[in-house]
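> take a look and give me a structure for this.
(2 chains)
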There are 2 protein chains.
Amino acid sequence: MSTESATNGSSRRDELLAVAAKLFAARGYHGTRMDDVADAVGLNKATVYHYYASKSLILWDIYKRTADFTVDALHDDPTATARETIYHFTRRLLTGIAHDLEAAAVYFQEGPYISEWFTEEQVAYIRQAESTVYEHVRDVIDRGIASGEFYDCDSHVLALGYIGMTLGAYRWLRPHGRRTAQEIAVEFSTALLRGLIRDEAVRIQEPLGGAQK
Amino acid sequence: MSTESATNGSSRRDELLAVAAKLFAARGYHGTRMDDVADAVGLNKATVYHYYASKSLILWDIYKRTADFTVDALHDDPTATARETIYHFTRRLLTGIAHDLEAAAVYFQEGPYISEWFTEEQVAYIRQAESTVYEHVRDVIDRGIASGEFYDCDSHVLALGYIGMTLGAYRWLRPHGRRTAQEIAVEFSTALLRGLIRDEAVRIQEPLGGAQK
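Alright, predicted model coming up:
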C-alpha cells in the first residue's frame, strides 16, 4: 500500500468515525444502524465493514480515544502547586471537549450501557481510565490540603463534583459560543479554587497560580 | 370506584413507574420493551396498558415528575441572601436526587433523545422547566454580584457549571453511601460559595448563610 492510499484510508476512516459519532450523539448508539452510518458517509455497507467489522468497534474507537485523551490531559508536573495543576487540567479538558463535542456526548450518553456493547476487557479499560482521572483529581486536592494550600474538605466529594462540572460541560459548550473553552476554564477554576485556597493574598491575586491565563 | 381500589390503583401505578424507571435507567428507554416492564412488575401486558397507554407515557410521567420536582426545589424567599438561596437549593436538589436516583438517571440519560419520543408540547414543557432552573441559578448569582455579596463573575457559565456539578451527582450519589445528600450539599455549597463570597469574615464564618447545616 502506498503512503498516499494509506493516508486516504486513514482519513476515510476518520471521516467515518466523525459521522458515526454525530449519529450516535443525536440518536443514541442503539438507535443507529450500520446502514445509517453508510448512508450518512456516502459509502456502501461493505466498505464501512472494511474499516469497522462491527458497530461496536466504532463505539469502542470513540470511547478509547476519549478515555485516552482524558488521561493524557492529566497534568503531572510535581513542582506545580495544586491550584496550577487543577487549572491546567481544567483548561486541557474543556479545550479537548470543545474540539470533539460529539465524541464527548457519545462517551457520556452511552456510559450506562457499555457493558452491553463492549467486552469485559474493554469495559475494564474504560473503568481503569475513569478511576485514574477521579484519583488524580482527588489526590491533587489532598495534596493541596496536606500542604496547607487548600482548606480541609472532602476531596472525594469535591473530585466527583469537579468532574461533573467540567466533563458535564459537553452538554452546553459550543466551539463558537460566546465564551471559549479557555475562558470557561478560567471561570470554573477561579470560582472553585478561590473556594479552596486558604491564603487571602494568593486567593485574591492569583487563584489559578503563576501561569494564570 | 371506592377509596380502597383508587389507592390500590395508585400504588400499582407507582410500582409500575418505579420498575419501568429502573429498567429504563439500566438498559435505556429504547432498549426496554413494554413486555420487559410487564414481566418485571409481574403483570400481563394488557394491565400495563390499562395504566399507561404507551411506553412514551411512562417516560413522560418520569420526566414530568422530575422536572416539576426540580422547579419546586427552587428557593424563592426574597429576604434570603444569595448564599443561603444557593445552599438551600443545593440541599433540596441533592436530597431529591438521592430519593429517586432511577428517575434522575432516566431524565439525564434520555435527555438528548426526548424529541423522538415526546410531542412538541411535552418537549416545550421540559425545556421551559430547564430554562427556569438555569435562569433561577443565574439570577441568584447575579443578585449576589449586584449586592456586593459575591465577586464579579460570569453568572451564565457558573450557573451551567453549578447545574452540571449538582444534578450530575445522580451518577455517583448513593442513598446509603458514606456521605448523605445533605453532607454532599454542604461540601459543594461551601466550596462554591467560599469561591464567590467577597467578605472575608462571612466567607470564613458562615459561607452557607445563617441557616447553616
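
> helix or strand: which one has the spatially most central residue of chain A?
Nearest residue to the geometric centre of chain A (CA atoms, centre = their mean): residue A:70, 4.6 Å. Element membership for residue A:70 (DSSP states H and E) is helix A:55-72.

> tell me the helix or strand right after the helix or strand hosting residue A:11.
Under DSSP H and E, the secondary-structure element containing residue A:11 is helix A:3-27. Tracing the chain C-terminally past helix A:3-27 and defining elements by DSSP H and E, one meets helix A:34-41 next.

> and the helix holding residue A:11, does that touch chain B?
Yes. Helix A:3-27 comes into contact with chain B when judged by CB under 8 Å from any CB of the partner chain, the residues involved being A:25-27. All C-beta spots, glycine's among them, are computed from the backbone N, C-alpha and C.

> so, low pLDDT: which residues of chain A?
Scanning chain A for pLDDT under 70 picks out A:1-9, A:75, A:211-213.

> quick one, the helix ranked longest in it and helix A:55-72 angle?
Of all segments of type helix in chain A, defined using DSSP state H, the longest is helix A:120-147. Angle between the axes of helix A:120-147 and helix A:55-72 is 20 degrees (criterion: axes from the mean of the first three to the mean of the last three CA atoms, to 10 degrees).

> so how far is helix A:120-147 off the chain centroid?
Put simply, helix A:120-147 sits 13 Å off its chain's centre (CA atoms, centre = their mean, to the nearest Å).

> name the helices or strands packed onto that helix?
Helices and strands touching helix A:120-147, by 3 or more CB pairs under 8 Å, 6 or more residues apart in numbering or on different chains; DSSP states H and E, are helix A:55-72, helix A:82-99, helix A:114-117, helix A:155-167.

> ok, back up a step: return the helix holding residue A:70 as PDB; C-alpha atoms alone will do.
Coordinates of each C-alpha in helix A:55-72 appear next as PDB, following Å, rounded to 0.1, in the frame of the first residue of the first chain:
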ATOM      1  CA  LYS A  55     -20.800  -1.200  15.000                       C
ATOM      2  CA  SER A  56     -19.500  -1.800  18.500                       C
ATOM      3  CA  LEU A  57     -15.900  -1.400  17.200                       C
ATOM      4  CA  ILE A  58     -16.800   2.200  16.000                       C
ATOM      5  CA  LEU A  59     -18.200   2.900  19.500                       C
ATOM      6  CA  TRP A  60     -15.100   1.400  21.000                       C
ATOM      7  CA  ASP A  61     -12.800   3.600  18.900                       C
ATOM      8  CA  ILE A  62     -14.800   6.700  20.100                       C
ATOM      9  CA  TYR A  63     -14.600   5.500  23.600                       C
ATOM     10  CA  LYS A  64     -10.900   4.600  23.700                       C
ATOM     11  CA  ARG A  65      -9.800   7.900  22.100                       C
ATOM     12  CA  THR A  66     -11.900   9.900  24.500                       C
ATOM     13  CA  ALA A  67     -10.700   8.000  27.600                       C
ATOM     14  CA  ASP A  68      -7.100   8.200  26.400                       C
ATOM     15  CA  PHE A  69      -7.300  11.900  25.800                       C
ATOM     16  CA  THR A  70      -8.700  12.500  29.300                       C
ATOM     17  CA  VAL A  71      -6.000  10.500  31.000                       C
ATOM     18  CA  ASP A  72      -3.400  12.300  28.800                       C
END
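
> filter the residues of helix A:3-27 next to chain B down to the buried ones.
A:25-27 (16 or more other CB atoms under 10 Å in any protein chain shown).

> pick the one among those closest to residue A:118.
residue A:25 (17.9 Å; CB to CB).

> ok, the spatially closest residue to the closest one that is not a sequence neighbour - contacts?
Leaving aside its chain neighbours, residue A:25 sits nearest to residue A:105 (4.1 Å; criterion: CB to CB, 6 or more residues apart in numbering or on different chains). If you count contacts by CB atoms under 8 Å, 6 or more residues apart in numbering or on different chains, residue A:105 has them with A:21, A:25, A:170-171, B:112.

> now, which of those sits nearest residue A:96?
Top of the list for closeness to residue A:96, among these and by CB to CB, is residue A:170 at 10.1 Å.

> out of the contacts of residue A:105, which are buried?
Buried residues within the contacts of residue A:105, counting neighbours by 16+ other CB under 10 Å: A:21, A:25, A:170-171, B:112.

> closest to residue B:189 out of those?
Nearest to residue B:189, judged by CB to CB, of the buried ones among the contacts of residue A:105 is residue A:171 at 21.7 Å.
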